[in-house]
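# Take a look and give me a structure for this.
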Amino acid sequence: MNRTHGMFLAAVLALGLGACASPGGGGGAANEAQIRTGVIEQINLTEVKSNHDQGVGAIVGGLAGAGIGSLIGAGTGRDVAIAAGAIIGAVGGNVAQQKYFDKPQPAQQIFVRLSSGVLITVTQPVNPNLRPGQKVYVEGSGIDARVMAQ
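Residues are numbered from 1 along each chain as shown. Next comes the predicted model:
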């Protein structure tokens with residue numbers, strides 16, 4: 001009876017795991033992209049916020065400030081100088097990044113009438129090869145969508 005019970009349990013477990021497997025080797029992988037076709041109806045020039053990584057200036061400034069602070073004093077005074085240098089450096093690095101690197105970048109807002117009849121808009125970096133009336137591919141979706149000439 002125990003052997004029959006064990007074989008039954010193994011068969012149920014195998015069927016359960018088989019039912020959980022996705023067909024086609026895991027369809028919907030992250031590297032797959034949806035591509036749609038359409039025609040450009042309108043293009044508007046616009047600007048988008050810089051794509052520089054947020055916080056990099058504060059991190060680099062804080063590290064530099066802590067490094068400079070470590071050269072000052074000894075003992076507890078040195079620890080205070082490291083902490084103060086890190087704080088001042090982080091604030092300074094953040095201000096520098098915002099002032100010099102986070103400038104708006106030129107972009108274009110493209111209105112595309114898809115083959116299905118749906119009108120979508122994609123904002124992307126400027127592509128001078130695109131013009132109204134042109135047949136295009138729309139690759140991806142959401143903020144990762146891009147319009148490319150056919």
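# tell me the domain boundaries of the chain?
Per automatic domain parsing, the structural domains of the chain span 28-49+105-150, 51-103.
# With respect to burial, which of those scores highest?
domain 51-103 (a mean of 15; mean count of other Cβ atoms under 10 Å). Bear in mind the C-beta positions are built from the backbone N, C-alpha and C, glycine included.
# Mean pLDDT lowest where, among the domains of the chain?
Least confidently modelled of those is domain 51-103, at a mean of 80 by mean pLDDT.
# From the chain's centroid, how far away is it?
Mean C-alpha position of domain 51-103 versus that of the full chain (Cα atoms, centre = their mean, to the nearest Å) differs by 26 Å.
# just stretch 107-121 next, same as before
That offset, for stretch 107-121, works out to 22 Å (Cα atoms, centre = their mean).
# Can I get that stretch in PDB, CA atoms only?
Only the C-alpha atoms of stretch 107-121 are listed here, as PDB (Å, rounded to 0.1, in the frame of the first residue of the first chain):
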ATOM      1  CA  ALA A 107      12.900  65.600 -27.900                       C
ATOM      2  CA  GLN A 108      10.000  65.000 -30.200                       C
ATOM      3  CA  GLN A 109       6.400  64.000 -29.400                       C
ATOM      4  CA  ILE A 110       5.200  61.800 -32.300                       C
ATOM      5  CA  PHE A 111       1.600  61.000 -32.900                       C
ATOM      6  CA  VAL A 112       1.200  57.700 -34.700                       C
ATOM      7  CA  ARG A 113      -2.000  56.200 -36.100                       C
ATOM      8  CA  LEU A 114      -1.500  52.500 -35.700                       C
ATOM      9  CA  SER A 115      -2.800  50.000 -38.300                       C
ATOM     10  CA  SER A 116      -5.500  49.100 -35.800                       C
ATOM     11  CA  GLY A 117      -6.800  52.700 -35.900                       C
ATOM     12  CA  VAL A 118      -5.700  53.600 -32.400                       C
ATOM     13  CA  LEU A 119      -3.800  57.000 -32.100                       C
ATOM     14  CA  ILE A 120      -0.800  56.900 -29.800                       C
ATOM     15  CA  THR A 121       1.900  59.400 -28.800                       C
END
